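Enquirer: model the structure of this input:
(chains A and B)
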Amino acid sequence: AQKVTQAQTEISVVEKEDVTLDCVYETRDTTYYLFWYKQPPSGELVFLIRRNSFDEQNEISGRYSWNFQKSTSSFNFTITASQVVDSAVYFCALTQNRDDKIIFGKGTRLHILP
Amino acid sequence: DGGITQSPKYLFRKEGQNVTLSCEQNLNHDAMYWYRQDPGQGLRLIYYSQIVNDFQKGDIAEGYSVSREKKESFPLTVTSAQKNPTAFYLCASSITSAQETQYFGPGTRLLVL
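Expert: Residues are numbered from 1 along each chain as shown, chains lettered A, B, ... in the order given. You can find the predicted model right below:
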């Protein structure tokens, strides 16, 4: 069975602080795909990143970075120098090879305080 | 601009009424999905379709129905059998399968009168 756990329900940080959102997954498949999405107050989910299980390289995109560690089954997301516009709910998701659907975590609500 | 559109943005349903949520995409994607999101919760899959004229039930299909007569369109009907329909409904599409990135529409918020 596959599962995604985002243990942090809600996080508040002051603007310009760095913040890391945790994502732990469970899967028995050796081939799988991980995703992060952002859901701002408007409601639409915005795609951030897709990573396959064979690519453990960390990724950086501007202020965003992702740390993928198969040894701990984690795919954590860090925002550097956070801004108020980063306030949103962030979802981690997983799909296994040949699955017809993806499984979402329950999300982490991030508040960036001015 | 390529993307996914959903309408209406807000929808009100009376008791015993069926309502239909629209989802259209011009991304030329084969696969389309419907999700339900309740407050403070993640997304739960209602129905999905990987090809025209074919669709499968997701995790919470009871009380819902869909059709896929055209590649671009995947409407969702919330029937009177769905006893707790108040939620935020999101439509998504991907190129071919769930292994590819899913792109989402803006959502429809359904409220019961």
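Enquirer: did I read that right, A:Leu48 in a strand?
Expert: Yes - assessed by DSSP: H, G, I helix; E, B strand; the rest coil, A:Leu48 belongs to a strand.
Enquirer: where's the closest residue in space to it that isn't next to it in sequence, which helix or strand?
Expert: Distance criterion Cβ to Cβ, 6 or more residues apart in numbering or on different chains; nearest residue to A:Leu48, sequence neighbours excluded, is A:Trp36 at 4.3 Å. Quick note: C-beta positions are derived from backbone N, CA and C, even for glycine. Using DSSP states H and E, A:Trp36 sits in strand A:32-39.
Enquirer: send over that strand as CSV, restricted to the C-alpha atoms.
Expert: Output in CSV follows, covering the C-alpha atoms of strand A:32-39 (Å, rounded to 0.1, in the frame of the first residue of the first chain):
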residue,chain,number,x,y,z
TYR,A,32,7.5,5.8,-8.2
TYR,A,33,6.9,9.5,-8.6
LEU,A,34,6.7,12.3,-6.0
PHE,A,35,5.1,15.7,-6.4
TRP,A,36,4.6,18.9,-4.5
TYR,A,37,1.7,21.3,-5.1
LYS,A,38,0.9,24.7,-3.7
GLN,A,39,-2.7,25.7,-2.9
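Enquirer: centre of the chain to it, how far?
Expert: The chain centroid and the centroid of strand A:32-39 are separated by 6 Å under Cα atoms, centre = their mean, to the nearest Å.
Enquirer: show me where chain B has its strands.
Expert: B:4-7, B:10-13, B:19-25, B:31-37, B:43-51, B:54-57, B:64-66, B:76-78, B:87-94, B:103-104, B:108-112 (DSSP state E).
Enquirer: those strands into TSV, with extra columns for mean neighbour count, distance to A:Val4 and mean pLDDT?
Expert: Formatted as TSV, the strands of chain B follow (neighbours: other Cβ atoms under 10 Å in any protein chain shown; distance: least, Cβ to Cβ, whole Å; pLDDT from 0 to 100):
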stretch	mean neighbour count	distance to A:Val4	mean pLDDT
strand B:4-7	17	23	96
strand B:10-13	14	29	92
strand B:19-25	19	24	97
strand B:31-37	25	15	97
strand B:43-51	21	11	96
strand B:54-57	14	21	96
strand B:64-66	20	24	97
strand B:76-78	20	24	97
strand B:87-94	24	17	97
strand B:103-104	21	17	96
strand B:108-112	17	25	93
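Enquirer: want to throw those strands into a markdown table with distance to A:Val46?
Expert: Formatted as a markdown table, these follow (distance: least, Cβ to Cβ, whole Å):
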| stretch | distance to A:Val46 |
| --- | --- |
| strand B:4-7 | 12 |
| strand B:10-13 | 21 |
| strand B:19-25 | 16 |
| strand B:31-37 | 14 |
| strand B:43-51 | 14 |
| strand B:54-57 | 26 |
| strand B:64-66 | 24 |
| strand B:76-78 | 21 |
| strand B:87-94 | 12 |
| strand B:103-104 | 8 |
| strand B:108-112 | 17 |
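Enquirer: figure out which of those is closest to A:Lys3.
Expert: For A:Lys3, the closest of the strands of chain B is strand B:43-51, at 14.1 Å, according to Cβ to Cβ.
Enquirer: what helices and strands are in contact with that closest one?
Expert: With contacts taken as 3 or more Cβ pairs under 8 Å, 6 or more residues apart in numbering or on different chains; DSSP states H and E, strand B:43-51 sits against strand B:31-37, strand B:54-57, strand B:64-66.
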